[in-house]
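K.L.:
give me the fold of what follows.
(one chain, ligands or ions: 1)
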Amino acid sequence: LLFLAHHRWENSAYVRTIDLIPGVRRKFIVGNVTALPKEIDENLEIVQGKWVKQYGRIYRIWLAFRPFVQISSPDFIEKILTSHTNIDKGKSYSILRPWLGDGLLLASGDKWRRSRRLLTPAFHFQILDNFFDVFNKNAEILCEQLAKVTKTFTPGEFAEDVDVFPFLKKCTLDIICEAAMGITVNAQLEDSEYIRNVHRISEIVIDRFLSGKGMFPDWLYHLTPSGREHKKILKQMHDFTSKVIRERKVEIALEEDLPEVKKEKRRAFLDLMLLANKNGVELSDLDIRNEVDTFMFEGHDTTASAIVWFLYCMAINPKHQALVQEELNEVFGDSDRSCTMEDATKLKYLECCIKESLRLYPPVPIFARYMTEEIELGGYSIPKGTFISLQTFALHRNEEYFPDPDVFKPERFQTNEAIGRHSFAYVPFSAGSRNCIGQRFAMFEEKVLSSTLLRRFRFYYDLDKLGPRKAIPDLVLKPKNGMPLQIAPYLQ
Ligand code: HEM
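P.N.:
Below is the predicted model:
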């Protein structure tokens with residue numbers, strides 16, 4: 001009976017259409033699950049390297065009965081990201097749904113359109129300017145923390161390896177807590193249950209995905225030990241966010257009677273939503289909690305990943321690091337003042353280096369869309385109901401658009417070199433109507449953190465001893481076993 005059912009499925013128009021797309025030979029029931037790399041650190045090499053070379057910039061993978069069409073050419077990516085209809089994620093991110101609900105990342109259709117319209121003004125330049133204090137304050141703390149662990153500083157010499165990744169994660173968490181909720185949790189300086197939970201939930205979610213428990217329905221998963229932990233931690237996190245929202249509501253109501261000058265100047269994203277609500281927009285408490293949780297999720301691991309890979313690129317390319325430091329000297333001289341939005345806008349070479357590190361190491365190396373309508377890509381028909389994976393890691397290393405694709409060359413992003421390049425050849429923040437709403441926030445944050453770090457320290461990575469650092473596609477692109485860098489004080 002099983003064979004018969006499988007045979008019928010295999011001969012359905014849907015499967016036959018998908019199978020016209022090249023890809024690894026499909027096996028009975030499991031599809032290509034057994035062909036996938038066993039170790040996560042081989043995932044990018046195979047799925048976005050070997051198979052792209054072998055099958056091309058459009059190929060398909062069957063995860064049991066579900067096909068994923070993998071694309072990595074600018075033309076195909078453009079077609080998907082500029083579509084006004086195929087903007088949904090479907091069930092591809094379902095493991096995040098218990099945490100983020102219908103927040104901006106996962107919402108679809110009209111719900112997404114409404115939230116996007118409501119939240120877009122929160123990322124206006126004028127509002128972002130207010131966050132520079134938060135970026136600078138936390139960048140200072142980060143430097144102090146790094147200076148403490150590199151006790152053996154001798155002028156001009158590098159101290160022993162320090163894994164910088166945990167420091168960056170705590171720093172970006174502090175920043176997003178203040179920006180999203182208006183609260184200071186001081187993750188860089190003290191232990192906090194909420195922060196521990198944010199770390200733990202990311203680990204549990206990725207474990208659920210990689211261990212295959214992602215296939216279990218929620219009720220079954222919640223019977224497993226990790227499912228029970230997942231449920232318990234989520235409850236604590238949701239309670240925490242809900243409490244912050246309740247308290248903030250009261251504070252904002254009390255502020256109403258204050259004269260304009262006494263009102264809070266810097267508005268967290270949460271405040272903007274609460275204020276919009278007062279002005280007639282209907283957002284339930286759950287809607288608001290989902291958006292705050294989404295910012296917390298999207299807004300810290302991604303930026304920590306971006307900065308850790310930026311520092312790695314600097315550490316293995318000392319000449320480029322020296323050029324960034326020269327530019328920093330031009331802008332800041334020997335003053336230790338903090339970085340303003342105007343400074344950040346002037347740091348053009350730093351920007352090219354950040355962009356080049358985002359090309360080589362996109363924090364979101366793959367994301368997905370669910371086809372609500374049939375489309376055509378590269379001569380293949382992609383039926384309604386199919387998932388498309390957009391492979392940014394492979395896209396960014398396409399030598400047609402980026403000659404010597406594995407080499408760090410920030411000049412690629414200088415205006416004259418970038419002219420004429422396909423505008424969808426580089427999409428670390430996605431593109432089109434459903435691009436990253438936090439892109440400008442993230443770029444400013446990265447500029448402030450990296451400029452502050454490079455005004456204080458020089459970074460070095462011992463390639464001979466450690467070999468190139470492997471990138472693993474966890475929830476975001478992470479360095480395997482952390483990022484051990486040697487640090488020395490920067491002497492002008
Ligand atoms: C270097 C840092 C970042 C990178 C590389 C990045 C990248 C991305 C990408 C690729 C997407 C599209 C995902 C998809 O379609 O599935 C996305 C969406 C999103 N990002 Fe970011 N992100 C970063 C930082 C941030 C920050 C700091 C925030 C918030 C403050 C943020 C908030 C969001 C939200 C809410 C979405 C969903 C937008 C929508 O669907 O309308 N991101 N991001």
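K.L.:
which parts of the chain sit against the ligand?
P.N.:
By C-beta under 6 Å from any ligand atom, the residues of the chain that approach the ligand are 104-105, 116, 294-295, 298-299, 302-303, 306, 363-364, 367, 428-430, 434, 436-438, 441-442. For glycine as for every other residue, the C-beta is placed from the backbone atoms N, C-alpha and C.
K.L.:
tell me the confidence at K151?
P.N.:
For K151, the model assigns a pLDDT of 65.
K.L.:
ok, the one 5 residues further on next?
P.N.:
At G156, the predicted lDDT confidence score is 61.
K.L.:
residue contacts, Y461?
P.N.:
Y312, A315, I316, R469, P484, L485, Q486 (C-beta atoms under 8 Å, 6 or more residues apart in numbering).
K.L.:
now, the most widely separated pair of these?
P.N.:
With C-beta to C-beta as the measure, no two of the contacts of Y461 lie farther apart than R469 and Q486, at 13.5 Å.
K.L.:
isn't I316 right up against D462?
P.N.:
No: look at I316 against D462 with C-beta atoms under 8 Å: they stay out of range, at 9.5 Å.
K.L.:
about what we covered before: among the residues of the chain next to the ligand, name the ones in helices.
P.N.:
Among these, the members falling in helices are R116, T294, F295, E298, T302, T303, A306, F441, A442 (criterion: DSSP state H).
K.L.:
closest one to K384 out of these, please.
P.N.:
Nearest to K384, judged by C-beta to C-beta, of those is R116 at 23.5 Å.
K.L.:
grab the nearest non-local neighbour of that closest one.
P.N.:
L104 (6.4 Å; C-beta to C-beta, 6 or more residues apart in numbering).
K.L.:
report the closest residue of this protein relative to the ligand.
P.N.:
Taking C-beta to the nearest ligand atom, the ligand has its nearest neighbour within the chain at G438, 2.3 Å off.
K.L.:
what about that residue, how many residues nearby?
P.N.:
25 (other C-beta atoms under 10 Å).
K.L.:
same check on S423?
P.N.:
Look at S423: counted by other C-beta under 10 Å, it has 11 neighbours.
K.L.:
go on, A253?
P.N.:
A253, neighbours per other C-beta under 10 Å, totals 11.
K.L.:
and the strands in the protein, which stretches?
P.N.:
Counting by DSSP state E, one finds strands in the chain at the ranges 58-63, 66-71, 162-163, 366-370, 375-377, 380-382, 387-391, 457-460, 471-473, 477-479, 484-489.
K.L.:
so can I have CSV of those strands showing distance to S423, mean pLDDT and mean neighbour count?
P.N.:
Listed next are the strands of the chain as CSV, based on distance: least, C-beta to C-beta, whole Å; pLDDT from 0 to 100; neighbours: other C-beta atoms under 10 Å:
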stretch, distance to S423, mean pLDDT, mean neighbour count
strand 58-63, 19, 95, 21
strand 66-71, 16, 95, 23
strand 162-163, 37, 94, 16
strand 366-370, 18, 95, 20
strand 375-377, 18, 97, 16
strand 380-382, 22, 97, 19
strand 387-391, 15, 96, 23
strand 457-460, 32, 94, 22
strand 471-473, 25, 94, 20
strand 477-479, 22, 96, 23
strand 484-489, 34, 93, 20
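K.L.:
how about the ones you listed in a markdown table, adding distance to Y349?
P.N.:
Listed next are these as a markdown table, based on distance: least, C-beta to C-beta, whole Å:
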| stretch | distance to Y349 |
| --- | --- |
| strand 58-63 | 36 |
| strand 66-71 | 33 |
| strand 162-163 | 26 |
| strand 366-370 | 29 |
| strand 375-377 | 37 |
| strand 380-382 | 41 |
| strand 387-391 | 29 |
| strand 457-460 | 16 |
| strand 471-473 | 24 |
| strand 477-479 | 24 |
| strand 484-489 | 21 |
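K.L.:
and S338, how far from F123?
P.N.:
According to C-beta to C-beta, to the nearest Å, S338 and F123 sit 21 Å apart.
K.L.:
let me redo that: W99
P.N.:
Taken as C-beta to C-beta, the span from W99 to F123 is 22 Å.
K.L.:
and what of L44?
P.N.:
According to C-beta to C-beta, L44 stands 30 Å off from F123.
K.L.:
which of those two has more neighbours?
P.N.:
L44 (22 against 16).
K.L.:
spatially nearest residue to that one, not counting backbone neighbours?
P.N.:
Excluding the flanking residues, the one nearest L44 by C-beta to C-beta, 6+ apart is F393, at 5.5 Å.
K.L.:
good, wrapping up.
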